[in-house]
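Colleague: Quick one: sequence and predicted model below, then my questions.
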Amino acid sequence: MDRAELAAVLRTARSRVRPADVGLPTGLRRQVPGLRREEVAQLAGLGVDYVIRLEQGRGPRPSTQVLGALARALRLGDDDRDMMFRLAGAEPPQAGRIPMLVRPSVLRLLDRMSDLPALVLSAKSDVLAWNPLGAALLGDFSELPTARRNLIWQRFLGPNPDTETSAAADCVGCLRTAQARYPDDPDLARLVADLRGGSARFDSLWRAGRSGRLRAACVTRVHPEVGMLTLDVDVLREPEGDQTVLIYSAAPGTATASALELLRVTGLQRFAL
């Protein structure tokens, strides 16, 4: 492990990422270019002190899970990610694992969608990237531990589980399809085990043995600030990374369209009572 070089790479990568690039508010009185250490820690699901020690060249050898989380938080491309792994004394991600890095061109596409909420999902429905309006609509994913930034985990084990039957079966089928494509991915195996052990409903659907995929749909969601929303959800495939872009929209002139415009202005702010 080359601690000094790893520290330099992490500091440089952090300086290149703007808060808006990762769906965080820019705020005032920002004294450093790019992200703060606290923001990197939040995005990666790590402790701030741990990130500080790594950047100062005095941290412990990070695990591959930690390195992967840092690569996603810092939006590293494949080459930079592999270099970071090797500097940390670890082998880069191997073939046969679910791709967890979003291509820069897809991130640029997400950045341009300023008036529609959008997410990028992995093959097992991890939320890998989101735009500011996506966070305003669905919640700030950076506040969740990395393992909980998964739409299927949230559907079955989250604080507000979804009871819609056909969509639930499609979600379980997505994991079945992912397992067939990535049988040796340990994070996928861990996710399935957690879901089967924690949700009898998921386990029953899993044992049915059906494959599936995410589909375009019309969903109803209650937002804590703007109330009931009826949203169209469109699904775009990104075959290069085996990822999916979800885009939420509403017909012009509807109450939901007006609510989305309000969320675009207010972002993650909460209204005073």
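Modeller: Perfect, I can see it now.
Colleague: Can you read off the pLDDT for Val127?
Modeller: Per-residue pLDDT puts Val127 at 93.
Colleague: next one: Pro104
Modeller: The model's pLDDT for Pro104 equals 79.
Colleague: Arg75 is in contact with that one, correct?
Modeller: Yes: using C-beta atoms under 8 Å, Pro104 is in contact with Arg75, at 7.5 Å. No exception for glycine: its C-beta is placed from N, CA and C like everyone else's.
Colleague: and these two? which has more neighbours close in?
Modeller: Shown here are Pro104 and Arg75; by other C-beta atoms under 10 Å, Arg75 has more neighbours (21 against 11).
Colleague: mind listing the helices in the protein by residue range?
Modeller: Under the criterion DSSP state H, the chain contains helices at 3-16, 37-44, 48-55, 64-73, 78-87, 104-112, 132-138, 151-157, 165-181, 186-198, 200-207, 255-266.
Colleague: Throw those into TSV and include distance to Leu236, thanks.
Modeller: Shown next, in TSV, are the helices of the chain (distance: least, C-beta to C-beta, whole Å):
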stretch	distance to Leu236
helix 3-16	26
helix 37-44	23
helix 48-55	33
helix 64-73	20
helix 78-87	21
helix 104-112	9
helix 132-138	14
helix 151-157	15
helix 165-181	15
helix 186-198	22
helix 200-207	25
helix 255-266	19
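Colleague: nearest to Ala217, of the ones you listed?
Modeller: helix 165-181 (6.7 Å; C-beta to C-beta).
Colleague: Only the buried residues of that closest one, if you could.
Modeller: Within helix 165-181, the residues that count as buried by 16 or more other C-beta atoms under 10 Å are Ala167, Ala168, Asp170, Cys171, Val172, Gly173, Cys174, Leu175, Arg176, Thr177, Ala178, Gln179.
Colleague: out of everything not next to it in sequence, what's closest to the third one?
Modeller: Closest residue to Asp170 in three dimensions, ignoring its sequence neighbours and counting by C-beta to C-beta, 6 or more residues apart in numbering: Gly212, at 4.4 Å.
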